[in-house]
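Participant: could you work out the structure for the sequence below:
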Amino acid sequence: MHALNYIFSVLFSLQRETRGAVASEYAFLIVFIAIVGAAGMLSLGQGLTDYFGAFGNAIGNAASQS
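Facilitator: Next comes the predicted model:
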């Protein structure tokens with residue numbers, strides 16, 4: 001009987017301690033999303049710079065030929 005009471009007390013104490021773990025898990029998730037987002041923006045930003053640079057050069061070359 002004492003062992004059963006001990007098991008229940010341990011389980012209830014673990015249940016109460018999960019509130020802090022959830023907050024830290026959300027913090028790790030937000031940091032991970034921020035890192036992935038920053039890497040994606042850097043990659044996409046460079047690709048867009050190259051694309052619009054080539055587009056601008058093409059328009060400039062077409063304007064100078066006519």
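Participant: in what helix or strand does N5 lie?
Facilitator: Mapping N5 onto the secondary structure by DSSP states H and E places it in helix 2-65.
Participant: so for that helix, mean pLDDT?
Facilitator: Average pLDDT, helix 2-65: 82.
Participant: how far off centre is that helix?
Facilitator: 0 Å (Cα atoms, centre = their mean, to the nearest Å).
Participant: also stretch 57-66?
Facilitator: With Cα atoms, centre = their mean, you get 41 Å for stretch 57-66.
Participant: centre-most residue in the protein?
Facilitator: I33 (0.7 Å; Cα atoms, centre = their mean).
Participant: what residues are up against it?
Facilitator: Residues near I33 by Cβ atoms under 8 Å, 6 or more residues apart in numbering: none. (C-beta placed from N, C-alpha, C; glycine too.)
Participant: next, work out how far apart it and S24 are.
Facilitator: Distance of I33 to S24, computed by Cβ to Cβ, to the nearest Å: 15 Å.
Participant: now do A3
Facilitator: In terms of Cβ to Cβ, A3 sits 32 Å off from S24.
Participant: then N57?
Facilitator: 50 Å.
Participant: now do G45
Facilitator: G45 is 31 Å from S24, by Cβ to Cβ.
Participant: please apply the same query to G47.
Facilitator: Taken as Cβ to Cβ, the span from G47 to S24 is 35 Å.
Participant: likewise for A54?
Facilitator: 46 Å.
Participant: I7 now?
Facilitator: 26 Å.
Participant: kind regards, and thank you for your time.
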